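Enquirer: All I have is the shape, not the residue letters:
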C-alpha cells in the first residue's frame, strides 16, 4: 500500500500555522521564534518530510544537476575521471547524472536532448569515437548550459577543455623504442576521426622522422575501437607481415594487451622479439607477464579540474571569463614489455 507524500501544507495544517511559516521555519528564518522552528522541524522529521526538488528547481530556475557524458564506464580510465568529478562536486550541492554513449554518435545526440529536456545546469563531456560533428554540443551552449570537454577534443568548438598532450606521450614512447634499438616500429592506432588518435599518430610519425627512420604504411593499422576484441585482428595483420615489426606502440592499454596476447600465440618473445608499449597506465597492466610499458595519464586530475572549471561557471553565471584549455603532460612508464635502453 503506497503512502501519501508529506507536503508543507500537511505540516501547516497539523500545527495550525500558515504554509509560508512552515517554509521559513524549515530554512531557520531568523524572524521566527525558536519554538516555532523547533516544532516545525520536529514534526517534519517525524513525518519524514522531503522537500519537492522539482518545484524548488522551477522556482529557482535551476535543477542543481550536472550531466556527465562518457563513451563507456567500465574502464579504469573513465571510472577514475568520474571519481575525480564526484570528489569535487560531492559538497557543492550539485547532483550528477552519468550518461554512457557506448561510443555511439546517435546515442550521444539522444543524451544531449534528454539533458536539455530535464534542464541540467551544466555538462561535462568526452565525445564518442563516432562523433564527427558537434552541433549538439553547440546547442547546449546556445541554451545557456555551460559545457566542459575533457579527454577527447572537439576541434573548433568554443568551450572549456581539459585534455592530455597525446602527441607528446606518443613521441616519448616512439623515441624510447628507437633509443632501445628498435628499427621497425608499428602503430596500432584508433578510430580515424578522434583527436586522440590523430595526435598520437602524429607523435609516432614525427618521432620516426626525427630519428631518420622511414614511415611504412603497412606498419600503421587502425583498430575500430578501444577494446581487447578490437585489437586482435589488427595485431594479426601486423605480425603476419612478411617483414613483421620489432615494436608496437598501441593507442591504449587494452589494444596493447591484445597485441601481447597475439604475439605470444604466434611465438614472438616479448621483449626479445618485439617490444610493446600501451597508453593509459591501467592499474592491472603492471601485473601482466611481462608487465606492460605504457604512457601514464593523470586521469583523476582530469576529472577534478573539469568539474572545478564547470563549477566556476555555475557559481558566477553572469561572469564570462576567457575560455580555458588546460593540457596535462603524460609520462612514459617503462616496464618489462619493452627492451631497456
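Expert: Received, thanks. These figures come from a predicted structure and were not determined experimentally.
Enquirer: And the helices in the stretch 1-150 of the chain?
Expert: 8-15, 19-26, 34-46, 53-60, 76-89, 105-117, 135-142 (DSSP state H, counting those that start in this stretch).
Enquirer: These: lowest mean pLDDT?
Expert: Lowest mean pLDDT of the helices of the stretch 1-150 of the chain: helix 53-60, a mean of 53.
Enquirer: Can you tell me which of the helices of the stretch 1-150 of the chain is nearest to residue 178?
Expert: With Cβ to Cβ, the closest approach to residue 178 among those belongs to helix 76-89: 27.0 Å. For the C-beta atoms, the positions are set from N, CA and C on the backbone; glycine is no exception.
Enquirer: what's next to that closest one, contact-wise?
Expert: 66, 68, 70-73, 96, 98, 124, 126, 150-151, 252, 280, 282-284, 297, 299-308, 311 (Cβ atoms under 8 Å, 6 or more residues apart in numbering).
Enquirer: rewinding a little: reformat the helices of the stretch 1-150 of the chain as TSV; add mean neighbour count and distance to residue 328.
Expert: Converted to TSV, these look like this (neighbours: other Cβ atoms under 10 Å; distance: least, Cβ to Cβ, whole Å):
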stretch	mean neighbour count	distance to residue 328
helix 8-15	17	48
helix 19-26	18	44
helix 34-46	14	46
helix 53-60	11	34
helix 76-89	19	12
helix 105-117	17	24
helix 135-142	16	21
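Enquirer: which one of the ones you listed lies closest to residue 234?
Expert: helix 76-89 (19.9 Å).
Enquirer: of all the helices of the stretch 1-150 of the chain, which lies closest to residue 341?
Expert: Comparing these under Cβ to Cβ, the one sitting nearest is helix 76-89, at 27.7 Å.
Enquirer: tell me the domain boundaries of this structure?
Expert: With domains defined by automatic domain parsing, the chain comprises 8-51, 64-164+299-327, 166-297.
Enquirer: pLDDT averaged over the host helix or strand of residue 309 - what is it?
Expert: Per DSSP states H and E: residue 309 is located in helix 299-315. For helix 299-315, the mean per-residue pLDDT is 96.
Enquirer: What of stretch 206-213?
Expert: On average, stretch 206-213 scores 97.
Enquirer: What residues sit buried inside that stretch?
Expert: Within stretch 206-213, the residues that count as buried by 16 or more other Cβ atoms under 10 Å are 206, 207, 208, 213.
Enquirer: who's in contact with that stretch?
Expert: 167, 170, 171, 173, 174, 175, 178, 183, 185, 214, 215.
Enquirer: Could you pull up phi and psi at residue 160?
Expert: phi -70, psi 150 (degrees, to the nearest 10).
Enquirer: For it, give me the pLDDT.
Expert: For residue 160, pLDDT reads 97.
Enquirer: What is the burial count for it?
Expert: Applying other Cβ atoms under 10 Å, we find 22 residues neighbouring residue 160.
Enquirer: And it, how close does it get to residue 171?
Expert: As for residue 160, its distance to residue 171 is 26 Å (criterion: Cβ to Cβ, to the nearest Å).
Enquirer: what comes into contact with the helix holding residue 309?
Expert: For helix 299-315, using Cβ under 8 Å, 6+ apart, the contacting residues are 66, 76-77, 80-89, 92, 94, 121-124, 146, 148, 150-151, 160, 162, 164, 280, 321, 324, 326, 328.
Enquirer: Just the buried residues of that helix, please?
Expert: Those would be 299, 301-311, 313-314, for helix 299-315 by 16+ other Cβ under 10 Å.
Enquirer: how about the helices in the stretch 151-300 of the chain?
Expert: So, for the stretch 151-300 of the chain - with DSSP H, counting those that start in this stretch - the helices run 166-179, 195-210, 228-239, 253-265, 299-315.
Enquirer: name the helices or strands packed onto the very next helix or strand once past the last one?
Expert: Proceeding N to C from helix 299-315, the next assigned helix or strand is strand 325-328, under DSSP H and E. Strand 325-328 makes packing contacts with strand 160-164, helix 299-315 when contacts are defined by 3 or more Cβ pairs under 8 Å, 6 or more residues apart in numbering; DSSP states H and E.
Enquirer: so for whichever helix or strand comes after strand 325-328, what's the average pLDDT?
Expert: Following strand 325-328 in sequence order, the next helix or strand is strand 331-333 (DSSP H and E). Across strand 331-333, pLDDT averages out at 98.
Enquirer: Who are the packing partners of strand 331-333?
Expert: helix 166-179, strand 294-296.
Enquirer: Show residues contacting that strand.
Expert: 169, 172, 173, 176, 281, 293, 294, 295, 296.
Enquirer: now, among these, which is nearest to residue 337?
Expert: residue 293 (4.9 Å).
Enquirer: Counting neighbours, what do you get for that closest one?
Expert: Residue 293 - counted by other Cβ under 10 Å - has 28 other residues nearby.
Enquirer: begin at 852 from here
Expert: From this message on, residue numbering opens at 852, which makes the last subject residue 1144.
Enquirer: Look at the closest residue in space to it that isn't next to it in sequence and say how many residues are nearby.
Expert: Nearest non-adjacent residue to residue 1144, counting by Cβ to Cβ, 6 or more residues apart in numbering: residue 1189, 4.1 Å away. Using other Cβ under 10 Å, residue 1189 has 26 neighbouring residues.
Enquirer: How about residue 1087?
Expert: Neighbours of residue 1087 (other Cβ under 10 Å): 15.
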